[in-house]
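Colleague: Pasting a predicted model and its sequence here:
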Amino acid sequence: MALLDVQIEQMALHTEYPVTSPEEWQSLEDRHTSGVYTKRPVVVVRGEGAYVWDAAGRRYVDCATGHGVALLGHSHPRLVAAVQQQAERLITCAEAFYNDRRAELQAELVALMPGMERVFLCNSGTEAVEAALKFARLATGRPGVVAARNGFHGRTMGALSATWRPEYRRPFEPLVPGFSHVPYNDPAALEAAVGPDTAAVILEVVQGEGGIRPADPAYLQRAQELCRERGAMLVIDEIQTFGRTGRILACEHYGLEPDLICLAKGLAGGVPIGAVLIGPRVGKLPPSVHGSTFGGNPLACAAALATLRTLRKDSLPARAGELGAWFLARLRALSLPIIREVRGLGLMVGIELRRRARPYLMALLQRGVLALPAGPTVLRFLPPLVISPDDLEFVVQAVADALQAPPPAEGEGEDG
């Protein structure tokens with residue numbers, strides 16, 4: 001029996017719907033999906049390490065990783081074992097009760113950043129941002145939030161108010177009042193914006209959706225000084241940078257001591273989780289000011305513990321720093337006319353093009369590489385930290401081929 005037939009037969013065993021081809025899976029999903037996602041014409045059915053396979057049996061090097069979520073790669077054995085064992089023991093336990101896995105995770109999370117004292121657990125990055133903004137307003141008694149142009153912090157109403165791109169914001173205006181945006185890496189603009197009504201300054205250490213743009217060290221240091229001087233809270237969004245940049249937290253590169261740190265995406269290796277690390281200037285929060293039904297559930301906590309311990313045991317953040325520097329150097333060495341700039345930090349890499357990125361994402365897909373956009377003209381690469389140098393070299397060659405060949409017809413954009 002052909003590989004495709006075997007895979008289709010195996011998929012059919014797990015569904016009540018008759019399946020005869022990958023195209024029928026696409027048709028079924030198109031029939032019922034909400035419509036808010038632009039989809040690529042591939043049905044991903046399995047993953048292992050840095051690879052995923054589609055329903056036709058084709059293998060891809062995954063540099064999308066669910067928008068950076070599969071930090072340890074797909075189906076990492078330690079993560080799989082932790083989830084299996086916890087699922088057999090206890091899946092859910094609300095924070096109205098104590099739980100052993102949650103207590104372990106909270107202790108390990110506060111240890112990531114000196115000075116952090118407490119943790120709020122939730123389910124996603126946008127939820128972490130919402131919580132951090134509420135905590136900053138509560139701690140200061142102020143309404144204002146200063147964010148950066150080209151920043152991305154999520155799509156719920158508060159997080160969307162901090163997000164920059166007008167096409168995300170405009171359909172839902174009026175948004176939450178009190179938010180302003182200033183140019184990124186511009187200390188003078190930040191100084192002019194932070195005033196007596198500012199509750200928080202929220203920044204990414206590396207802007208992800210905004211084009212893979214690392215912050216200048218002096219800019220982040222000045223942001224911290226301003227918050228201390230003027231009574232605002234410094235909120236650092238590490239949702240996409242977690243583990244990727246050469247350190248577990250990207251703000252470690254800059255000697256920052258944020259008041260609130262937002263985590264999500266790769267924190268549990270693919271299991272949904274979000275977290276806010278809470279510093280002493282915020283302190284212990286009063287009961288009932290916020291909450292989350294599923295936040296801190298034992299299954300997600302067990303997955304996050306396995307992920308954190310694997311990052312440390314296998315020195316994966318340091319490996320990401322070394323591989324990322326090599327990857328950046330190889331991409332910069334391509335010196336193709338279509339490339340405007342290659343930038344990044346660790347295994348968070350962007351290629352800014354002189355043309356729109358979407359057609360080249362499709363060209364990479366055809367060459368066996370999954371990547372992401374980061375705005376209209378940037379190719380974004382978020383490979384798992386376990387990726388091999390050989391696979392990164394394969395990606396470099398695929399990029400070179402894709403950027404030198406006539407691109408496929410341009411389609412719609414997508415985001416993360």
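Modeller: In hand now; what should we look at? Numbering: from 1, shown residues only.
Colleague: so who does the residue most central in space within the chain touch?
Modeller: Centroid-nearest residue in the chain, with C-alpha atoms, centre = their mean: Gln240, separated by 3.0 Å. Each residue near Gln240 by C-beta atoms under 8 Å, 6 or more residues apart in numbering is listed here: His67, Gly68, Gly125, Glu204, Val206, Gly208, Lys265, Met348, Leu382. Any C-beta I mention is one placed from the backbone N, CA and C, and that applies to glycine too.
Colleague: ditto for Pro22
Modeller: Counting by C-beta under 8 Å, 6+ apart, Pro22 has contacts Ile8, Val43, Asp54, Ala55, Ala56.
Colleague: which one is it nearest to, not counting chain neighbours?
Modeller: What sits nearest to Pro22 in space, not counting adjacent residues and going by C-beta to C-beta, 6 or more residues apart in numbering, is Ala55, at 3.8 Å.
Colleague: which phi and psi does that neighbour have?
Modeller: Main-chain dihedrals, Ala55, degrees, to the nearest 10: phi -70, psi -10.
Colleague: what does the one 5 residues further on give?
Modeller: Dihedral angles phi and psi of Tyr60 (degrees, to the nearest 10) take the values phi -130, psi 150.
Colleague: Ala132 now?
Modeller: Ala132 adopts backbone torsions of phi -60, psi -40, taken as degrees, to the nearest 10.
Colleague: Burial check on it, number of neighbours?
Modeller: Ala132 has 31 neighbouring residues, counting by other C-beta atoms under 10 Å.
Colleague: For Val69, report the pLDDT, please.
Modeller: Val69 carries a pLDDT score of 98 in this model.
Colleague: thinking again about what came up before, sitting in helices, which of the contacts of Gln240 do you find?
Modeller: In helices, judged by DSSP state H, the following of the contacts of Gln240 are found: His67, Gly68, Gly125.
Colleague: Out of the residues you listed, give me the one that has the most neighbours.
Modeller: Within these, Gly125 tops the neighbour count with 30 neighbours, counted by other C-beta under 10 Å.
Colleague: Would you mind measuring from that one to Glu341?
Modeller: Note on Gly125: its distance to Glu341, by C-beta to C-beta, to the nearest Å, is 26 Å.
Colleague: ok, Leu249 to Ile387 distance?
Modeller: As for Leu249, its distance to Ile387 is 21 Å (criterion: C-beta to C-beta).
Colleague: Those two - which one has more neighbours?
Modeller: Using other C-beta under 10 Å, the more surrounded residue of Leu249 and Ile387 is Ile387, with 25 against 21.
Colleague: what about that one, distance to Phe242?
Modeller: For Ile387, the distance to Phe242 equals 17 Å [C-beta to C-beta].
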